[in-house]
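A.B. asks: quick one, what's the 3D model for this:
(one chain, ligands or ions: 1)
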Amino acid sequence: MIEIAGLSKRYGEKLAVDGLTFTVRPGTVTGFLGPNGAGKSTTMRMILGLDHPTGGDVRIDGRHYHELADPLTYIGALLDAKAVHGGRSARNHLLCLAQSNGIPARRVGEVLETVGLTAVARKKAKGFSLGMSQRLGIAGALLGDPRILMFDEPVNGLDPEGIHWIRGLMKSLAAQGRTVFVSSHLMSEMALTADHLVVIGQGRLLADTTMADFIERNSRSWVRIRTPDRERLLDALHTAGIAVVEAGDGLLEVDGGRPERIGELAARHQVVLHELSVRQSSLEDAFMRLTAQSVEYHAQPEPAGQSWGAHRIARTAAGPPAPKAAPLTTPTTPATAPTTTPTEG
Ligand SMILES: Nc1ncnc2c1ncn2[C@@H]1O[C@H](COP(=O)(O)OP(=O)(O)OP(=O)(O)O)[C@@H](O)[C@H]1O
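C.D. replies: Model prediction:
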């Protein structure tokens, strides 16, 4: 277990980590998400005692990192895949780590096998691709057979087979009851791997919740309609008490995922439909909404409005709700209230 309490880190004027409190528990993969510069790596460095906190506390199974004898046997980490002496072979690099942590040399062969580097074990690390270096870093993390594993952006540089492999590895480590803490800035990646999510932005905690809860709160669907009989359909929808928004390009949208009622209503009023489709918001969109205020480096202005930024049609009695980002901090227990409000009877 990793316990983080009121953790802060200041670099001069920059408050990189700002009062973070959360716990990473065993038996699950916990995804650590945040946009670039959010403070993920700084937090991970403080967990490993590589950076000194300005305030707060980090404990690994109840102890500070520097209090751990043979720390690699408690917590294994991959922070920077290229932080390896390039002149050493993969095998020698791991042997040095093993010797300094009281780990038997036979583990070196085992972890090289696990990460698929046996064939290049005697090659110098400086010749490794980023993907091979990631695998070597993961081998180093696994070396001491630790109960806690921490990976900073582990899929970086891996090919699709490698990405598939690392997902499986993380899940199997968690299934063995280990604590697995993995950072990413890709929600879509975490959705496939993590059971729990800790989201930060500009060093602050934005969400600490289960993946299932995040999906339940943020999975929205709506019905998209294209019709040449726009006015007649609007009248019919209005009379039926169904709220609708105009989404530009002549498109109409109704919150919720029940196209049957709209299709039947259109048929009753002899309205021609050119499109009636159910659309689903992506978790990546939800993550971007959650962190929108805390993105440090914008490559370009905010993208032109998703449909829900579209203006509501004045004649509707009650339009569908604006999208809700997850609350600033969410409980670890599943939520009961869905974010989508039904718009029709
Ligand atoms: N040694 C340092 N000196 C000064 N500022 C630093 C230092 N390390 C990190 N920072 C700053 O602290 C903030 C958090 O950086 P950090 O690398 O922890 O973010 P991150 O979430 O890991 O980002 P990324 O996803 O881009 O790796 C950034 O603004 C960064 O510029």
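A.B. asks: quick one, helices of the protein?
C.D. replies: With helices called from DSSP state H, the chain shows them at 40-47, 90-100, 106-115, 130-142, 160-175, 187-193, 211-218, 230-239, 259-268, 283-291.
A.B. asks: sketch out the low-pLDDT regions of this structure for me.
C.D. replies: 257, 294-345 (pLDDT under 70).
A.B. asks: can you name the residues of it that neighbour the ligand?
C.D. replies: Neighbours of the ligand within the chain, by CB under 6 Å from any ligand atom: 11, 14, 16, 34, 36-42, 185, 296. For glycine as for every other residue, the C-beta is placed from the backbone atoms N, C-alpha and C.
A.B. asks: check the residues you listed and tell me the two furthest apart.
C.D. replies: Pairwise distances across these (CB to CB) peak at 20.0 Å, for the pair Tyr11 and His185.
A.B. asks: quick one, which of these two is more surrounded?
C.D. replies: For Tyr11 versus His185, neighbours defined as other CB atoms under 10 Å are more numerous around His185 (17 against 11).
A.B. asks: and the more buried one, its phi and psi?
C.D. replies: The phi and psi values for His185, taken as degrees, to the nearest 10, are phi -110, psi 10.
A.B. asks: again with Asp145
C.D. replies: According to degrees, to the nearest 10, Asp145 has phi 50, psi 50.
A.B. asks: any of the residues of the chain next to the ligand buried? List them.
C.D. replies: By neighbour count, with 16 or more other CB atoms under 10 Å, the residues of the chain next to the ligand hold 16, 34, 37-42, 185 as buried.
A.B. asks: okay if I get those residues as TSV plus distance to Arg279?
C.D. replies: Output for those, formatted as TSV (distance: CB to CB, whole Å):
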residue	distance to Arg279
Ala16	38
Gly34	27
Gly37	32
Ala38	29
Gly39	34
Lys40	31
Ser41	36
Thr42	38
His185	25
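A.B. asks: give the contact list for the spatially closest residue to Leu173 that is not a sequence neighbour.
C.D. replies: Distance criterion CB to CB, 6 or more residues apart in numbering; nearest residue to Leu173, sequence neighbours excluded, is Val180 at 5.2 Å. The neighbours of Val180, taking CB atoms under 8 Å, 6 or more residues apart in numbering as the test, are 28-30, 149-151, 170, 173-174.
A.B. asks: now stretch 129-141: buried residues?
C.D. replies: Neighbour counts over stretch 129-141 (16+ other CB under 10 Å) mark 131-141 as buried.
A.B. asks: wait, stretch 45-61
C.D. replies: Buried residues in stretch 45-61, counted by 16+ other CB under 10 Å: 45-49, 51, 53, 56, 58-60.
A.B. asks: for the residues you listed, which one is nearest Ala212?
C.D. replies: Ile47 (25.6 Å).
A.B. asks: my guess is the closest one contacts His66. True?
C.D. replies: No - assessed by CB atoms under 8 Å, Ile47 is found out of contact with His66, at 11.9 Å.
A.B. asks: could you chop this structure up by domain?
C.D. replies: Taking automatic domain parsing as the reference, the chain has its domains at 2-216, 221-280+298-309.
A.B. asks: buried deepest among these, which one?
C.D. replies: Comparing these on average neighbours per residue, with mean count of other CB atoms under 10 Å, the densest one is domain 2-216 at a mean of 19.
A.B. asks: need the outlier residue of this protein, farthest from its centre.
C.D. replies: Ranked by distance from the centre of the chain (CA atoms, centre = their mean), the top residue is Gln270, with 45.9 Å.
A.B. asks: distance of Leu206 relative to Val245?
C.D. replies: To Val245, Leu206 is 27 Å away according to CB to CB, to the nearest Å.
A.B. asks: got it, and Phe181?
C.D. replies: Phe181 is 40 Å from Val245, by CB to CB.
A.B. asks: same check, this time on Val84
C.D. replies: Applying CB to CB, the value for Val84 to Val245 is 54 Å.
A.B. asks: got it, and Phe128?
C.D. replies: From Phe128 across to Val245, the span is 52 Å (CB to CB).
A.B. asks: just give the nearest non-adjacent residue to Ala236, would you?
C.D. replies: Distances taken as CB to CB, 6+ apart put His269 closest to Ala236, at 4.5 Å, once the chain neighbours are dropped.
A.B. asks: from Glu231, how far out is that neighbour?
C.D. replies: As judged by CB to CB, His269 and Glu231 stand 11 Å apart.
A.B. asks: shouldn't Ala194 be in contact with Val24?
C.D. replies: No - judged on CB under 8 Å, Ala194 makes no contact with Val24 at a distance of 11.1 Å.
A.B. asks: can you list residues touching both of the two?
C.D. replies: Counting by CB under 8 Å, 6+ apart, the shared contacts of Ala194 and Val24 are Thr30.
A.B. asks: next up, the contacts around Val120.
C.D. replies: Shown in contact with Val120 (CB under 8 Å, 6+ apart): 90, 128, 132.
A.B. asks: repeat that with 10 Å
C.D. replies: Going by CB atoms under 10 Å, 6 or more residues apart in numbering, Val120 touches 89-91, 112, 127-128, 132, 135-136.
A.B. asks: same check on Leu50?
C.D. replies: For Leu50, the contacting residues are 41-42, 44, 65, 77, 79, by CB under 10 Å, 6+ apart.
A.B. asks: if I look at Gly39, how far off is Met1?
C.D. replies: From Gly39 to Met1 the distance is 21 Å (CB to CB).
A.B. asks: grab the nearest non-local neighbour of Gly102.
C.D. replies: Nearest to Gly102 is Asp70, by CB to CB, 6+ apart, at 4.8 Å.
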